[in-house]
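K.L.:
Sequence first, predicted model second:
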Amino acid sequence: MTSSLKWWQTAVFYQIYPRSFADGNGDGVGDVKGILEKLDYLKDLGIDALWLSPHFPSPNRDWGYDISDYQNVAPEYGTLDDFKTFLSESHRRGIRVILDLVLNHTSDQHPWFLESRSSRDNPKADWYVWKDSAPNNWQSCFDGDAWTYAPERGQYYYHYFMKQQPDLNWRNPQVKQAMWDAARFWLDLGADGFRLDAIGTIYEDPNLTPHNVPMNLAELRRAADLAQTPAEKKKIEKYWHDMFKNQWGGPGLHDLMKELRAILKEYDGDRMLVGEDDNIDYLGNGNDELQMVFNFPLMRTERLTPDHIRRNQKERLTRLDALPIKGWPCNTLGNHDCSRVHTRFGNKVHDAELARVNLALMLTLRGTPFLYNGEEIGMTDLIITDPARLRDTMATWYYDRLVHELNVDPAEAALRAGEMTRDKNRTPMQWSNQPNGGFSPADVETWLPVNPNYAEGINVKDQEKNPTSLLRYYKHLLHLRKNTPALIDGEYLPLHNTARDYFAFLRKNDLQTILVVLNYSPDHLDLDFSRGKELKGKSLRLLFSSADRPAKDANPKAVVIGAYEVFIAEVQ
Ligand code: GLC
């Protein structure tokens, strides 16, 4: 029964990327005041919890993921008091808030690093990972060599991400203490938990084993751009894995997660942790590490086909169910690091229809869904072709390497950088059809360009007025999920396991059985569900259809499904 579930099991999460969500003071950058003004919008949308990407002071080399003060709010976003108001106003509306906790690294401008770098014998000398010489060929996944020389110490420090993001030395107990203090600071203020950034990178292979890929990061990215055949792509995938495998998942993380979870348990209200990792092992015994990890394998595909989804669910759910305390799934199709759902899982012809099918997928699969801001109005990727307008440092780095090291024509390099950059999926939220999409006043240059398709109906205001808009569809389905308990706590029972065009399954609890059919094809389908034991001799009461169909009972023996239809019915 849903009543025995925790809040994070029944909730639908919505990720806010604060820089691009809402600009409350009209300076071209999102802020806390802006978020506050949109809380009623979020409540009305029907989401239950927010994941706020980093809101801390940061030199913004990695847009907040390089933190220079863990116990404050970035001045461009507002003050700590603004943040407290945001938290209490969210809670007053019944919306929980989890924050982004970046454990692996700090900014190179964090006072801890400035001190650590200043000499070999200062009190924080051992807070980061220092070596006399670069001990191996490890790469940073953002900007080439993973070891950077600091003349002050005459030594090298390690960074998995860019050189402005030095890795903390988590084997030093003082580091833990300092970071746990930071976590407590936000928990004391009432944060409901954390999304844990890049936890897999916290511990490296203690033997510092070199990688054996015959190229460096820039060359590998270039090879990935050029790979055409499945065999070439497979080889590149293996290279990616091999290049970084020794920098991931070193021993110690389970104990660390246990320590952090124990801190959360000191607080009331079921504070929660979700890891940016797909490794189910980090759920521990079900009660001593993380509550959830993301089902990234679901979205790690070029095409979201019924077959892929079924295989993913089978593999994932079997493993989660086998844990001592059943693990709780957590599904997402997009975030601030990857191409937007509408673009990535469209097929260029039926993107709008597929966006609807894919939302239904998120809201009907077993587990907690995470949605990304802007996806509810169908925001699409914006390819920035002018390298001067790129803000994602890893893309400008790649552009420079292409042009200056790999002798790629600048026009092609600009295109490649525009495609790989995460800027394309971080553009400002489109609130209306006014200039700048209503994000900022007309005469202001926003931090990233606004996608001009705000003028073509891809904005909140126009869609609120239009009963057939994607936004209204989101509201409708979010409402349906909330009022259909089996979609939240029901078992998942796949049907028609070899169907290539559609994905059909039941969600079943003690009180209800729900049939979901998601047609991923442009074809009409005549389906017979009457043979399975759950549906034999039953009738279907329509709960929702994305097609125009009379709201009458259907016979499981002859269910007619339209092109790209989402069909949800209760078995009677
Ligand atoms: C995570 C974040 C990403 C960031 C990286 C380094 O993957 O999602 O945006 O760049 O960690 O903190």
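P.N.:
Structure's in. What do you need?
K.L.:
strands paired with the helix or strand that contains residue 157, and their directions?
P.N.:
Assignment of secondary structure by DSSP states H and E places residue 157 within strand 155-158. Strand 155-158 sits in its sheet next to strand 130-131 (antiparallel), strand 147-150 (antiparallel), going by DSSP bridges.
K.L.:
For the ligand, give me its nearest residue in the stretch 251-400 of the chain.
P.N.:
Nearest to the ligand, among the residues of the stretch 251-400 of the chain, is residue 337, at 4.8 Å (C-beta to the nearest ligand atom). To be clear about C-beta, it is placed using only N, CA and C from the backbone, and glycine gets the same treatment.
K.L.:
Ok, the chain next?
P.N.:
For the chain, C-beta to the nearest ligand atom, closest residue to the ligand: residue 65, 3.4 Å.
K.L.:
okay, now the domains of this structure?
P.N.:
The chain breaks down into these domains under automatic domain parsing: 2-103+173-204+248-382+453-474, 104-169+210-224, 490-571.
K.L.:
end to end, how far does the last one reach?
P.N.:
Yep, that's domain 490-571 we're talking about. 13 Å (C-alpha to C-alpha, to the nearest Å).
K.L.:
Give me the pLDDT for the residue of the stretch 251-400 of the chain closest to the ligand.
P.N.:
Here the pLDDT value assigned to residue 337 is 98.
K.L.:
any low-confidence regions in this structure?
P.N.:
1-2 (pLDDT under 70).
K.L.:
Provide a list of residues in contact with the residue minimising distance to the centre of it.
P.N.:
Among the residues of the chain, the one closest to the centroid is residue 335, at 3.5 Å (C-alpha atoms, centre = their mean). If a contact means C-beta atoms under 8 Å, 6 or more residues apart in numbering, then residue 335 has 15, 370, 372 as its contacts.
K.L.:
does the first one have beta-bridge partners, and which?
P.N.:
Note on residue 15: beta-bridge partners by DSSP bridges are residue 51, residue 372.
K.L.:
Now the residue of the stretch 251-400 of the chain closest to the ligand, what are its backbone angles?
P.N.:
Main-chain torsions, residue 337, degrees, to the nearest 10: phi -100, psi 0.
K.L.:
Might you report the residue contacts of it?
P.N.:
Residues near residue 337 by C-beta under 8 Å, 6+ apart: 422, 425.
K.L.:
How about the one 3 residues further on?
P.N.:
The contact partners of residue 340, taken as C-beta under 8 Å, 6+ apart, are 334, 372, 374-375, 379-381, 424-425.
K.L.:
Neighbours of the residue lying closest to residue 310 once chain neighbours are set aside, how many?
P.N.:
For residue 310, ignoring the flanking residues on the chain, the nearest one in space by C-beta to C-beta, 6 or more residues apart in numbering is residue 494 at 5.8 Å. By other C-beta atoms under 10 Å, 16 other residues sit near residue 494.
K.L.:
rewinding a little: please tell me how far the residue of the stretch 251-400 of the chain closest to the ligand sits from residue 17.
P.N.:
10 Å (C-beta to C-beta, to the nearest Å).
K.L.:
Count the neighbours of residue 330 for me.
P.N.:
Neighbourhood size, residue 330 [other C-beta under 10 Å]: 24.
K.L.:
I figured it hits residue 292, correct?
P.N.:
Yes. Taking contacts as C-beta atoms under 8 Å, residue 330 lies within contact range of residue 292: 4.0 Å.
K.L.:
What is the distance between stretch 511-528 and the centre of its chain?
P.N.:
The chain centre lies 28 Å from the centre of stretch 511-528; the measure is C-alpha atoms, centre = their mean, to the nearest Å.
K.L.:
Would you mind listing the buried residues in it?
P.N.:
Burial within stretch 511-528, assessed by neighbour count using 16 or more other C-beta atoms under 10 Å, is assigned to 512-521, 525, 527.
K.L.:
Max pairwise distance over those: which two?
P.N.:
For the buried residues of stretch 511-528, the farthest-apart pair by C-beta to C-beta is 512 and 521; their separation is 27.9 Å.
K.L.:
Endpoints of stretch 372-389, how far apart?
P.N.:
Termini of stretch 372-389 sit 23 Å apart (C-alpha to C-alpha).
K.L.:
interface residues of the stretch 201-350 of the chain facing the ligand?
P.N.:
Within the stretch 201-350 of the chain, the positions near the ligand by C-beta under 6 Å from any ligand atom are 276, 336-337.
K.L.:
Ok, the chain next?
P.N.:
Residues of the chain lying near the ligand (C-beta under 6 Å from any ligand atom): 62, 65, 102, 161, 197-198, 276, 336-337.
K.L.:
List the contacts of the closest residue to residue 466 other than its chain neighbours.
P.N.:
Closest residue to residue 466 apart from its sequence neighbours, by C-beta to C-beta, 6+ apart: residue 472 at 6.8 Å. The contact partners of residue 472, taken as C-beta under 8 Å, 6+ apart, are 463-464, 466.
K.L.:
Considering those, which possesses the most neighbours?
P.N.:
Highest count within these by other C-beta under 10 Å belongs to residue 463, 22 neighbours.
K.L.:
Go ahead and confirm it touches residue 377.
P.N.:
Yes. Taking C-beta under 8 Å as the definition, residue 463 is a contact partner of residue 377 at 5.5 Å.
K.L.:
Mutual contacts of these two, please.
P.N.:
Shared contacts of residue 463 and residue 377 (C-beta under 8 Å, 6+ apart): 469-471.
K.L.:
can you give me the helices for the stretch 1-150 of the chain?
P.N.:
7-10, 18-21, 32-37, 39-45, 80-92, 111-118 (DSSP state H, counting those that start in this stretch).
K.L.:
Now do the last one: everything it contacts.
P.N.:
Helix 111-118 is contacted by residues 68-69, 106-108, 122-128, 130, 150, 152-153, 157, 166, 168, 178 when judged by C-beta under 8 Å, 6+ apart.
K.L.:
Show me which positions of that helix end up buried.
P.N.:
Within helix 111-118, judged by 16+ other C-beta under 10 Å, the buried ones are 112-113, 116-117.
K.L.:
ditto for stretch 559-572
P.N.:
Across stretch 559-572, burial judged by 16+ other C-beta under 10 Å covers 559, 561-562, 564-571.
K.L.:
cool, and stretch 495-512?
P.N.:
Across stretch 495-512, burial judged by 16+ other C-beta under 10 Å covers 495-496, 499, 501-509, 512.
K.L.:
same deal with stretch 256-273?
P.N.:
For stretch 256-273, by 16+ other C-beta under 10 Å, it's 256-257, 260-261, 264, 271-273.
K.L.:
start to end distance for stretch 189-208?
P.N.:
Counting by C-alpha to C-alpha, you get 40 Å between the two ends of stretch 189-208.
K.L.:
and of the buried residues of stretch 495-512, the nearest to residue 445?
P.N.:
Relative to residue 445, and with distances defined as C-beta to C-beta, the nearest of the buried residues of stretch 495-512 is residue 503, at 43.7 Å.
K.L.:
Nothing else from me, thank you.
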